[in-house]
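Novice: Need a 3D model of the following:
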Amino acid sequence: MTQPRVPAEVTWAAALMLAGAVLSAAWGVLNGVRMGHPSGDLLSGGPGLVLGLLEGAVGCIPWLWTAGKALAGRGWPRVVAVVFFCSYFIAVVPGLVVNSVSSGVVAGVAGELLAGYAAIILLWRPASSDFFLAGRA
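Specialist: Next up is the predicted model:
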């Protein structure tokens, strides 16, 4: 039996998840480097860069994994995406409200949240549901 054609909703959701992965990786690297160099001297490298690369990788792997499984026709990534989104929201947004953060950090977090929210909406559209149900059969 052949796999049904991937609907546009799932393709767009995967593209949004890829954008979220890029944002997450970029923010992870920037945060790690900034923690290693509070003075702002980012060119000296060192442990902050390694920590930033690790943080960026850890941040983007769930995005990429969920996108790949959704494109493969699995239905469970929809639920996983909701859990990841809610966990991220609960972990990050209160810190933005309580701490004084730069507008760049707020923009990065907002970009990740918007990408995740839009992807979730697309993954739960009727065409996506039909695609995931067909993949089960």
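Novice: going forward, measure contacts between C-alpha atoms and count neighbours the same way
Specialist: Noted.
Novice: so where is the chain shaky, pLDDT-wise?
Specialist: Regions of the chain meeting the criterion pLDDT under 70 cover residues 1-2, 35-48, 137.
Novice: How about Leu96, nearest residue that isn't a chain neighbour?
Specialist: Nearest residue to Leu96, sequence neighbours excluded (C-alpha to C-alpha, 6 or more residues apart in numbering): Val106, at 7.2 Å.
Novice: typo on my end, it should be Trp124
Specialist: For Trp124, ignoring the flanking residues on the chain, the nearest one in space by C-alpha to C-alpha, 6+ apart is Arg78 at 7.2 Å.
Novice: Determine the next helix or strand in the C-terminal direction from the helix or strand that contains the residue nearest to Leu96.
Specialist: Val106 is located in helix 103-123, with elements delineated by DSSP states H and E. Per DSSP H and E, helix 103-123 leads on to helix 126-136 as the next helix or strand towards the C-terminus.
Novice: what packs against that next one?
Specialist: The contact analysis (3 or more C-alpha pairs under 8 Å, 6 or more residues apart in numbering; DSSP states H and E) places helix 126-136 against helix 8-36.
Novice: on that earlier part again, am I right that the residue nearest to Trp124 is in contact with Leu122?
Specialist: No: proximity of Arg78 to Leu122 does not meet the contact threshold set by C-alpha atoms under 8 Å, at 9.5 Å.
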